[in-house]
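S.K.: Fold the stuff below for me.
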Amino acid sequence: MSDDVDEYGDLGERRRRRIRIIAWVTIVALILVGGGSTLLTLLLG
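M.R.: Below you'll find the model as predicted:
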């Protein structure tokens, strides 16, 4: 029984780590895209 609990705990940790990585990648992408569009606006505008 305790083996099942350990497996689920490991799965939860992996899932949490994956969600955190996806969140950071999304935030960085939004910042880069937002900064890029702002730079283009300043150059072309």
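S.K.: helices and strands around whichever helix or strand L32 is part of, which ones?
M.R.: Taking DSSP states H and E as the definition, L32 sits inside helix 2-44. Helices and strands touching helix 2-44, as assessed by 3 or more Cβ pairs under 8 Å, 6 or more residues apart in numbering; DSSP states H and E, are absent. The C-beta positions use only the backbone N, C-alpha and C, and glycine is treated the same way.
S.K.: So what's the residue count around L43?
M.R.: When counting by other Cβ atoms under 10 Å, one arrives at 7 neighbours for L43.
S.K.: what about it, distance to G36?
M.R.: 11 Å (Cβ to Cβ, to the nearest Å).
S.K.: Repeat that for I19.
M.R.: In terms of Cβ to Cβ, I19 sits 26 Å off from G36.
S.K.: Could you do R16 as well?
M.R.: For R16, the distance to G36 - Cβ to Cβ - is 30 Å.
S.K.: Average pLDDT for the helix holding L32, rounded please.
M.R.: Averaged over helix 2-44, pLDDT sits at 82.
S.K.: when you give positions from now on, start the count at 19
M.R.: Sure, I'll start numbering at 19, so the last one becomes helix 20-62.
S.K.: distance between it and the chain's centre?
M.R.: 0 Å (Cα atoms, centre = their mean, to the nearest Å).
S.K.: do the same with stretch 51-63
M.R.: For stretch 51-63, the distance to the chain centre is 24 Å (Cα atoms, centre = their mean).
S.K.: residues in contact with it?
M.R.: Around stretch 51-63, nothing counts as a contact under Cβ atoms under 8 Å, 6 or more residues apart in numbering.
S.K.: residues of it that come out buried?
M.R.: Neighbour-count burial for stretch 51-63, counted by 16 or more other Cβ atoms under 10 Å, picks out no residue.
S.K.: Can I get it as PDB, trimmed to CA atoms?
M.R.: The C-alpha trace of stretch 51-63 is given here as PDB (Å, rounded to 0.1, in the frame of the first residue of the first chain):
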ATOM      1  CA  VAL A  51       6.900  39.000 -27.700                       C
ATOM      2  CA  GLY A  52       5.600  42.100 -25.900                       C
ATOM      3  CA  GLY A  53       9.100  43.600 -25.800                       C
ATOM      4  CA  GLY A  54       9.600  42.800 -29.500                       C
ATOM      5  CA  SER A  55       6.300  44.400 -30.500                       C
ATOM      6  CA  THR A  56       7.100  47.400 -28.400                       C
ATOM      7  CA  LEU A  57      10.500  47.700 -30.100                       C
ATOM      8  CA  LEU A  58       9.000  47.400 -33.600                       C
ATOM      9  CA  THR A  59       6.400  50.100 -32.700                       C
ATOM     10  CA  LEU A  60       9.100  52.400 -31.600                       C
ATOM     11  CA  LEU A  61      11.300  51.800 -34.700                       C
ATOM     12  CA  LEU A  62       8.400  51.900 -37.200                       C
ATOM     13  CA  GLY A  63       6.100  54.300 -35.500                       C
END
